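K.L.:
test case, fold it:
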Amino acid sequence: MRQNKYDNEAFFNKYAQMLRSREGLAGAGEWLTLKKMLPDFAGKTVLDLGCGYGWHCVYAAEQGAAEVVGVDISERMLAVAGAKTKQQNVRYIRTAMEEAEFPSGSFDIVLSSLAVHYIEDLHALFRRVNGFLKEGGAFVFSAEHPVYTACANADFIRSASGDPLCYPVDNYFYEGKRNCVFLGEPVVKYHRTLTSYFRALTESGFAVRDIAEPVPPESMRLFIGQGAGGVKNVQRSFHVESFLARDERGRAHRAQCARRQEYGDISDDVQRIYRGVREPSLIPPRGAEGQFGAPFEHAVRAAAVRLASARKKGCL
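P.N.:
From the prediction side, this is the model:
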């Protein structure tokens with residue numbers, strides 16, 4: 001069974017007290033930004049992965065979607081979603097989002113809100129989503145911002161009076177599993193850089209049309225300033241990144257991919273530099289103070305040469 005903290009009674013009860021749980025989309029700091037990125041739902045088939053309380057499913061139905069399917073692993077979450085949903089064209093399925101199964105080309109739009117940072121194999125999930133979409137379909141998702149997932153359990157550096165001053169960032173380029181504490185309970189998240197999110201999309205057949213880093217509405221900023229008790233959960237909740245990607249399976253995209261085969265995978269060098277998965281020696285050592293070393297610099301130059309050559313040949 002995949003990670004499922006929301007069926008833990010103590011965790012679920014704490015989550016139920018969050019602003020976004022009580023007020024729905026209006027209580028989500030990123031909603032105003034995400035809403036602008038959403039495509040037209042009228043007459044469309046929609047899938048929401050990690051649907052939780054079903055707020056986005058209900059919204060899609062209200063905007064004229066023909067059919068909406070919400071997927072979540074939590075029985076408690078889906079019970080709340082079912083109770084809140086009055087539309088007959090919305091249905092819910094209990095399964096892990098990375099194990100959901102649908103015929104190819106089933107949906108016009110796939111949504112996912114603040115869920116993909118819990119997924120270990122992001123490429124596998126994005127390839128699965130690409131398969132679910134009709135040609136030219138849209139995938140819109142949000143994730144906790146890498147600045148916040150980089151340090152597993154960091155907190156704001158505060159003034160003597162307890163007001164937040166700044167947020168520490170460390171280990172940003174060291175991706176992978178993070179053992180975190182959320183709402184007082186242990187959870188596992190997976191940290192990735194913004195570059196890795198972008199490349200996971202493009203390598204899974206998507207073209208990224210928009211990326212946004214939302215800021216909270218003025219009303220929520222005032223709420224944040226009312227004392228240390230409400231700072232952490234609310235302020236962290238809006239530090240997300242949102243993506244709009246389109247499925248680019250078409251003649252032009254296939255031709256571009258064919259041209260790229262002549263040059264290999266241009267992103268390999270860059271991935272080695274930033275991830276350190278295949279060549280850890282290419283990552284600057286901790287405390288290197290900017291001294292990257294010859295292997296790192298050579299890989300950067302090699303990547304730049306390949307990139308320039310590919311651009312000249314029209315591969316990018």
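
K.L.:
next one: phi and psi at Val147?
P.N.:
Per-residue torsions, Val147: phi -60, psi -30 (degrees, to the nearest 10).

K.L.:
go ahead and confirm it touches Pro168.
P.N.:
No - using C-beta atoms under 8 Å, Val147 is not in contact with Pro168; the gap is 9.7 Å. Heads up, the C-betas are built off the backbone N, CA and C, glycines and all.

K.L.:
looking at those two now, which is surrounded by more residues?
P.N.:
Set side by side, Val147 and Pro168 show more neighbours around Val147, with 17 against 11, by other C-beta atoms under 10 Å.

K.L.:
distance between the ends of stretch 113-121?
P.N.:
End-to-end distance for stretch 113-121: 17 Å, by C-alpha to C-alpha, to the nearest Å.

K.L.:
if you could redo that for stretch 77-96, that was the one I meant.
P.N.:
End residues of stretch 77-96 are separated by 13 Å (C-alpha to C-alpha).

K.L.:
okay, and the beta partners of Arg178?
P.N.:
Lys189 (DSSP bridges).

K.L.:
so who does it touch?
P.N.:
149, 152, 188-191 (C-beta atoms under 8 Å, 6 or more residues apart in numbering).

K.L.:
how is Tyr53 assigned, secondary-structure-wise?
P.N.:
With DSSP: H, G, I helix; E, B strand; the rest coil as the basis, Tyr53 sits in coil.

K.L.:
pretty sure it contacts Arg22?
P.N.:
No - with contact defined as C-beta under 8 Å, Tyr53 does not reach Arg22; the gap is 10.1 Å.

K.L.:
ok, those two, which is more surrounded?
P.N.:
With neighbours defined as other C-beta under 10 Å, Tyr53 and Arg22 compare such that Tyr53 has more, 25 against 10.

K.L.:
wait, a strand at Asp48?
P.N.:
Yes - Asp48: assigned to a strand according to three-state DSSP.

K.L.:
can you tell me how far it is from Gly24?
P.N.:
Distance check for Asp48 against Gly24: by C-beta to C-beta, to the nearest Å, it reads 14 Å.

K.L.:
what ranges do the helices span in the stretch 51-200 of the chain?
P.N.:
Here the stretch 51-200 of the chain has its helices, by DSSP state H, counting those that start in this stretch, at 55-62, 75-84, 122-132, 146-149, 194-202.

K.L.:
where exactly do the strands run in this protein?
P.N.:
45-49, 67-72, 90-94, 107-113, 133-144, 157-158, 164-166, 176-182, 185-191, 206-212, 240-247 (DSSP state E).

K.L.:
in CSV, list those along with mean pLDDT and distance to Asn8.
P.N.:
Formatted as CSV, those follow (pLDDT from 0 to 100; distance: least, C-beta to C-beta, whole Å):
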stretch, mean pLDDT, distance to Asn8
strand 45-49, 98, 21
strand 67-72, 97, 15
strand 90-94, 97, 16
strand 107-113, 95, 20
strand 133-144, 92, 20
strand 157-158, 84, 29
strand 164-166, 80, 28
strand 176-182, 87, 11
strand 185-191, 88, 7
strand 206-212, 89, 32
strand 240-247, 62, 23
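
K.L.:
and the ones you listed: which comes nearest Phe198?
P.N.:
strand 206-212 (6.1 Å; C-beta to C-beta).

K.L.:
report the angle between the closest one and strand 133-144.
P.N.:
Relative orientation of strand 206-212 versus strand 133-144 (axes from the mean of the first three to the mean of the last three C-alpha atoms, to 10 degrees): 40 degrees.

K.L.:
and strand 206-212, which strands flank it?
P.N.:
Counting by DSSP bridges, strand 206-212 is paired with strand 240-247 (antiparallel).

K.L.:
so which bits of stretch 95-107 are buried?
P.N.:
96-98, 100, 102, 106-107 (16 or more other C-beta atoms under 10 Å).

K.L.:
ugh, wrong one, I meant stretch 80-95
P.N.:
Result for stretch 80-95 [16+ other C-beta under 10 Å]: buried residues 80-81, 85, 89-90, 92.

K.L.:
these two touch, right, Leu32 and Glu218?
P.N.:
No - using C-beta under 8 Å as the test, Leu32 is too far from Glu218 to be in contact (10.6 Å).

K.L.:
more neighbours: which of those two?
P.N.:
Taking neighbours as other C-beta under 10 Å, Leu32 and Glu218 compare with Leu32 leading, 16 against 8.

K.L.:
what about the more buried one, distance to Gly24?
P.N.:
Where Gly24 is concerned, Leu32 sits at a distance of 13 Å (C-beta to C-beta).
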